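S.K.: Okay, predicted coordinates and the sequence, questions at the end:
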Amino acid sequence: MPVAFFAVFFAYPVAAIVARGLKADGTWHLGRIGEVLAQSDVRHVLWFTTWQAFVSTALTLIVALPGAYVFARFHFPGKQVLRAVVTVPFVLPTVVVGTAFLALVGRGGLLDELWGVRLDTTVWAILLAHVFFNYAVVVRTVGGLWAQLDPRQEEAARMLGASPLRAWRQVTLPALAPAVAAAALMVFLFTFTSFGVVQILGGPTFSTLEVEIYRQTSEIFDLSTAAVLTLIQFVAVGAILALHAWTVRRRETALRLVDASVTARRPRGAGQRALLGGVLVTVAVLLVLPLAVLVQRSLGAPGFGYYRALTSEDGGFFLVPPIEAIGNSLSYAVAATIIAVVIGSLAAVALTRRDAGRFVRGFDALLMLPLGVSAVTVGFGFLISLDEPPLDLRSSWILVPLAQALVGVPFVVRTMLPVLRAVDVRLREAASVLGASPWRVWREVDLPIVRRALLIAAGFAFAVSLGEFGATVFIARPDRPTLPVAVARLLGRPGDLNYGQAMALSTILMMVCAVALLVLERLRTDRTGEF
Amino acid sequence: MGNNIKRLAAAAVALGVSGTLAACGSSDGGQGSGDSKTVTLVSHDSWAASKDVMAAFEKQSGYKVRVLKDGDAGQAVNKAILTKDNPQGDVLFGVDNTLLSRALDNGLFQSYEAKGSDRIKAEYRVDQDKHRVTPVDTGDICVNYDKKYFADHELEPPKSFDDLVKPQYKNLLVTENASASSPGLGFLLGTAAKYGDSGWEGYWTKLKANGVKVVDGWEQAYNEEFSGSAGGKKAKGDRPLVVSYASSPPAEVVFADPRPGTAPTGVAEGTCFRQVEYAGLLSNAKNTKGGKALLDFLVGKRFQEDMPMNMFVYPVREGVQVPPEFVKYGPQAKDPETMDPAKIADHRDQWVKSWTSLVLK
């Protein structure tokens, strides 16, 4: 069933739109690939996409690795809340993040007023925003493993006379390396396919592959160039994912881990306290400040004026009061979560079966593909492929949750997989030997173990669905906008009141995400996968 | 993609997914478009009309109007082309002269001569033998200037394309990306009309040397970079010249509270390019009768009079009263640059490409 789901709602629409671009009069024009690649501006885009992804990834690692250490090894008050806070950016829609950064580093932004520094339309704004987005990926992936490494190994090395640096380099680093590599590859994937951030902060001069696909499809209407670019991105993303799957598998097999709760302690000594302080300041400046600017701007009118304006219907531009977007978003996200959890856990179960062969393991990487394929491709693909009964879903509400579920499924799979793999097969075998039906085995052996992971997976899928923008904006019905779509529409209109309302809606969206993530923190288990 | 694959996919879904989805609630899909009492208008995000005017049409014709706003003008047209075998609506409004050929070449519209098209001013009529599209509104894309800036600096505001490359206007103009924004493209076409196929690149080289700034969209140019608009003043915009519309100055007056006695901005008359927006009955429309009635209504007197204050455009019908604010603060340009849609079709993509590498790279 997961295979069918992906075939119909992902592979088929994407293939349809690529075919529309590369097939004319019944024959394929693969020569276009060479022609497009020969264009110097296409090569320019490829080059920019790659180097900015490299630099963003390096910067994110430099900034976030100390954070991973602090979250893994130290106890400090407010740790749970802070872990939720650093994850908020990751699930926020890029339009909101782009706007927050403009408010911070653009003209008349905070930096401009204090020191006259402006970073908009420079590559720095893009890089900073990428670090902002992906901080949580590193902290959660690397930090999760770091917390479970036995600190006694490093202590033993110290005892045997190794310097702190050497002990770290020779004991901890090798154990950590696969997790760092996995996190780096994820960050690379997200920044390689970056869309909203580059479009809003980059101006007309900077363009990633994903932005170029959008421009070619939506503005220039050169479907064949768009199709070639989509294929290039497909290959690149496939390679990244294959590498990622390989590092993840190495990580899952090679280490002996301890309970995370015993490895963390209060910071001791000036050095450790300085490190904790440094990380907290970084988080405050880099992550909390942009979010705070949003909140501050949303309060710009007296008496919550912008929030009150959200409830009124304004002429013909919005067909409904913007406030209704909250209800739409919540109901779409619930439907998307149900779909994602059902599909994702079925896929995860299939992947953990012992007779799973190479084909199935390949499917593991395949499930991540929707994260790396242009949302505009999927959106247009939906439009031209799902238009005939019984699949005439274009005007159906279900289309939006389906598109959102596509990005939710990978998170569900990644969360469930490690937990399911950890279930001892002998428990199941014992239960069936004792006469339990397969259903009962699942209910009484598997379910109690995976229940928490399931809830966490659902929570993540929910938060991600809530923030999904790229595909939703294409298929959401005008009278049923979601929160991110409403924010984008408000931002696209002139005038003070519209801007203020966009900020107010963004703040509401942020709060909803933060609450969902805080609930997740309460549910966190020790082995919760990478996210 | 053949139909076989489509059917195969459909079967796969019917087997696999529908069971789960059925549990998620009742589907309200298929609402509207197939129903002969509803007529669906596909348009861009700027569509707006007064409620009572639309209600009057619904009452008089017996059709309920469903409006589907689909991104900006370019996106709306592109989406309509992609879905033309099975369109999302009956009538498309909002294809302009810069995109018209793309729509016609792709067979987007079927012929229908709207009642009352004989009252449309001759200069706006196109496709006279087949009547696949009906002109609905027009507007001019022109450079706007910030009156206060030029008064403060005791400088004459520019009047023509030629003026814009003069040294006294260095670093003053902001325009939009021609590949992404319709005023940006209009301005580029204006220069191409003025200086010809071979001359426009030289003009832009000079304009670039004179410090023209290019941003992605109109919102950013007008509301953030331009120093004369209400939004730009708040954002501390520092460019007193912007590529916008001839109707932008009246908008600055109408949307201000309290209304000022004169517009804070003006229009450089010699920098205008004329834009015309058309509507047409989509090929394979499900409700052709309703679509035809809607087209008749769009060129009718009532809608044409209502339109200017809603979408800030000028009517195309003869003898329609223009609101007094338009006459006072934003008269139509007397002698705008124009270009034949067929010529635009032949050159648009190549010009935009050359422009991009000339100005942006």
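M.R.: Cool, the structure landed.
S.K.: how's the chain carved up into domains?
M.R.: You didn't pick a chain, so chain A it is. Following automatic domain parsing, chain A resolves into domains at A:52-198+A:254-298, A:300-531.
S.K.: hmm, I had chain B in mind actually
M.R.: Split by automatic domain parsing, chain B gives B:32-138+B:276-329, B:140-274+B:333-360.
S.K.: Format the domains of chain A as a markdown table; extra columns: distance to residue B:77.
M.R.: (C-beta placed from N, C-alpha, C; glycine too.) Below are the domains of chain A laid out as a markdown table (distance: least, Cβ to Cβ, whole Å):
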| stretch | distance to residue B:77 |
| --- | --- |
| domain A:52-198+A:254-298 | 22 |
| domain A:300-531 | 13 |
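S.K.: quick one: contacts for residue B:93?
M.R.: Residues near residue B:93 by Cβ atoms under 8 Å, 6 or more residues apart in numbering or on different chains: B:41, B:42, B:43, B:47, B:136, B:277, B:278, B:279, B:298.
S.K.: same question, residue A:474
M.R.: Residue A:474 touches A:375, A:376, A:379, A:380, A:382, A:383, counting by Cβ under 8 Å, 6+ apart.
S.K.: residue contacts, residue 347?
M.R.: Let's take chain A. Taking Cβ under 8 Å, 6+ apart, one finds A:2, A:363, A:367, A:409, A:413 in contact with residue A:347.
S.K.: that's the other chain; I wanted chain B
M.R.: By Cβ under 8 Å, 6+ apart, the contact set of residue B:347 is B:192, B:197.
S.K.: Show me how far the one helix or strand it maps to is from its chain's centre.
M.R.: Using DSSP states H and E, residue B:347 sits in helix B:341-355. With Cα atoms, centre = their mean, to the nearest Å as the basis, helix B:341-355 stands 18 Å off its chain's centre.
S.K.: Show me what residue of the stretch 151-300 of chain B gets nearest to chain A.
M.R.: Going by Cβ to the nearest Cβ, chain A is nearest to residue B:177 of the stretch 151-300 of chain B, at 4.2 Å.
S.K.: Distance-wise, check that residue relative to residue A:106.
M.R.: 18 Å (Cβ to Cβ, to the nearest Å).
S.K.: Residue B:312 too?
M.R.: 27 Å.
S.K.: For the chain, which segments count as strands?
M.R.: Looking at chain A here, since you left the chain open. A:23-24, A:27-28 (DSSP state E).
S.K.: wait, chain B
M.R.: Using DSSP E, strands in chain B cover B:38-43, B:64-69, B:91-96, B:109-110, B:134-146, B:173-176, B:213-215, B:241-245, B:265-267, B:273-282, B:314-315.
S.K.: Just give me the lowest mean pLDDT stretch among those.
M.R.: Least confident of the strands of chain B, judged by mean pLDDT, is strand B:64-69 with a mean of 86.
S.K.: Could you list the single helix or strand in chain B with the lowest mean pLDDT?
M.R.: Every helix and strand of chain B was ranked by mean pLDDT, DSSP states H and E. The lowest is helix B:18-22, at a mean of 37.
S.K.: if we can go back for a sec, mind checking which of residue B:177 and residue A:106 has more residues around it?
M.R.: Under the criterion of other Cβ atoms under 10 Å in any protein chain shown, the comparison of residue B:177 against residue A:106 puts residue B:177 first, with 26 against 21.
S.K.: tell me the contacts of the more buried one?
M.R.: A:204, B:184, B:214, B:215, B:216, B:217, B:360.
S.K.: Highest neighbour count among those?
M.R.: residue B:184 (25 neighbours).
S.K.: Please give me every residue in contact with it.
M.R.: B:175, B:176, B:177, B:178, B:214, B:218, B:243.
S.K.: try 7 Å
M.R.: B:175, B:176, B:177, B:178, B:243 (Cβ atoms under 7 Å, 6 or more residues apart in numbering or on different chains).
S.K.: what do you get for residue A:509?
M.R.: By Cβ under 7 Å, 6+ apart, the neighbours of residue A:509 are A:96, A:466, A:483, A:484.
S.K.: How many residues are close by the third one?
M.R.: Read it as residue A:483. Counted with other Cβ under 10 Å, residues neighbouring residue A:483 total 29.
S.K.: Pretty sure it sits against residue A:326.
M.R.: Yes. Here residue A:483 reaches residue A:326: they are 6.3 Å apart, a contact under Cβ atoms under 7 Å.
S.K.: so where's the stretch 51-200 of chain A uncertain?
M.R.: A:107-109, A:116, A:120-121 (pLDDT under 70).
S.K.: cool, and the stretch 251-400 of chain A?
M.R.: A:251-264, A:303, A:312-320, A:353-365, A:387-395.
S.K.: let's see it at 50
M.R.: A:254, A:315-317 (pLDDT under 50).
S.K.: can you list contacts of stretch A:93-111?
M.R.: Applying Cβ under 7 Å, 6+ apart, the contact partners of stretch A:93-111 are A:89, A:117-120, A:125, A:128-129, A:132-133, A:195-197, A:200-201, A:289-291, A:293-294, A:297, A:467, A:469, A:484, A:487-488, A:491, A:506, A:509, B:235-236.
S.K.: Switch the domains of chain B over to CSV; also include distance to residue A:74.
M.R.: Shown next, in CSV, are the domains of chain B (distance: least, Cβ to Cβ, whole Å):
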stretch, distance to residue A:74
domain B:32-138+B:276-329, 48
domain B:140-274+B:333-360, 42
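S.K.: and of those domains, who's closest to residue A:242?
M.R.: Smallest distance to residue A:242 across the domains of chain B (Cβ to Cβ): 32.0 Å, for domain B:32-138+B:276-329.
S.K.: Make a ChimeraX selection of whichever of the contacts of stretch A:93-111 turn out to be buried.
M.R.: Buried subset of the contacts of stretch A:93-111, written as a ChimeraX selection, criterion 16 or more other Cβ atoms under 10 Å in any protein chain shown:
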select /A:89,119,120,125,128,129,132,133,195,196,197,200,201,290,291,293,294,297,467,469,484,487,488,491,506,509 /B:235
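S.K.: The contacts of stretch A:93-111 in helices, which ones?
M.R.: Secondary structure assignment by DSSP state H places A:89, A:125, A:128-129, A:132-133, A:196-197, A:200-201, A:289-291, A:293-294, A:297, A:467, A:484, A:487-488, A:491, A:506, A:509 of the contacts of stretch A:93-111 in helices.
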